[in-house]
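**Q** Have a look; sequence and predicted model below, questions after that.
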Amino acid sequence: MNRDILTYVVRFALLVLVQVFILNNIQFSGLINPYLYVYFLLVFPVDFSPNGGLFVGFVLGITIDLFSQTLGMHTIASVFLAYARPYVLRYMAPRDGYEFSRTVSIRQMGWLWFLTFSGIMVLLHHFVLFFIESFRMSGFWFTLGKSLGSSALTLLLVVLVQLLFTRSNKTGFGYD
């Protein structure tokens, strides 16, 4: 238990630092911005408390907002992501349900499931974030394009982090 908590604290700190000091400075034509910090909310166990998820989403979002000076935009998007997570998990549940304390990873859930789940979640987060940022409907297609482009880059980074930092099995590839 203590090891799990320490792992989440270190993961939180590393993702916030990478986001604030590296990824916030990366923009492709002002359209594509990677937001890897959402990875923290994606990989919680499937049976993680929804109320706990909302709290963690709030803390994560407000931390990014404090460092990025974005006035609550990341907080709203992160809390929305934490709110939507149990519903998306329920929608994507296998026929027999999830195993108790199963974490969300490529290794445990498989490629297709992980890419679908992460893609939906990242797209929801980015859609909310960029519409809050623009705060108008007149630029709907621009904002949608920005959400799709940023989601694709973020999803690529999420998969890379999964492959690099997941314990490998006998095949040495880090997934089954």
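**A** Perfect, I can see it now. Residues are numbered from 1 along each chain as shown.

**Q** lowest confidence element among the helices and strands of the chain?
**A** Taking mean pLDDT, DSSP states H and E as the measure, the helix or strand of the chain with the lowest value is helix 106-109, at a mean of 85.

**Q** which strands and helices sit next to the helix or strand just after it?
**A** Using DSSP states H and E, the helix or strand that follows helix 106-109 towards the C-terminus is helix 111-134. The contact analysis (3 or more CB pairs under 8 Å, 6 or more residues apart in numbering; DSSP states H and E) places helix 111-134 against helix 39-42, helix 73-91, helix 140-165. For every residue, glycine as well, the C-beta is placed using N, CA and C.

**Q** mean confidence for the second one?
**A** Translated: helix 73-91. In this model, helix 73-91 has an average pLDDT of 94.

**Q** Mind pulling up the pLDDT for Ser150?
**A** Reading off the model, Ser150 has pLDDT 93.

**Q** Correct me if wrong: it contacts Val38.
**A** No - in this structure, Ser150 sits apart from Val38 without contact. The criterion is CB atoms under 8 Å, and the distance is 10.7 Å.

**Q** When those two are compared, which one has more neighbours?
**A** Between Ser150 and Val38, counting by other CB atoms under 10 Å, Val38 is the more crowded of the two (31 against 24).

**Q** thought the more buried one was touching Val122?
**A** Yes - applying CB under 8 Å as the test, Val38 and Val122 come out as touching, 5.9 Å apart.

**Q** Quickly list what's touching both of the two.
**A** Thr154, Val158 (CB atoms under 8 Å, 6 or more residues apart in numbering).

**Q** And the residue nearest the centre of the chain?
**A** Residue closest to the mean C-alpha point of the chain, counted by CA atoms, centre = their mean, is Val38 at 2.5 Å.

**Q** what packs against the least confident helix or strand of the chain?
**A** Taking 3+ CB pairs under 8 Å, 6+ apart as the contact definition, the neighbouring helices and strands of helix 106-109 are helix 140-165.

**Q** now with 10 Å?
**A** Contacting helix 106-109 under the criterion 3 or more CB pairs under 10 Å, 6 or more residues apart in numbering; DSSP states H and E are the following elements: helix 111-134, helix 140-165.

**Q** want to try CSV for those helices, with distance to Ala13 as columns?
**A** As requested, the helices and strands packed on helix 106-109 are exported to CSV (distance: least, CB to CB, whole Å):
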stretch, distance to Ala13
helix 111-134, 20
helix 140-165, 14
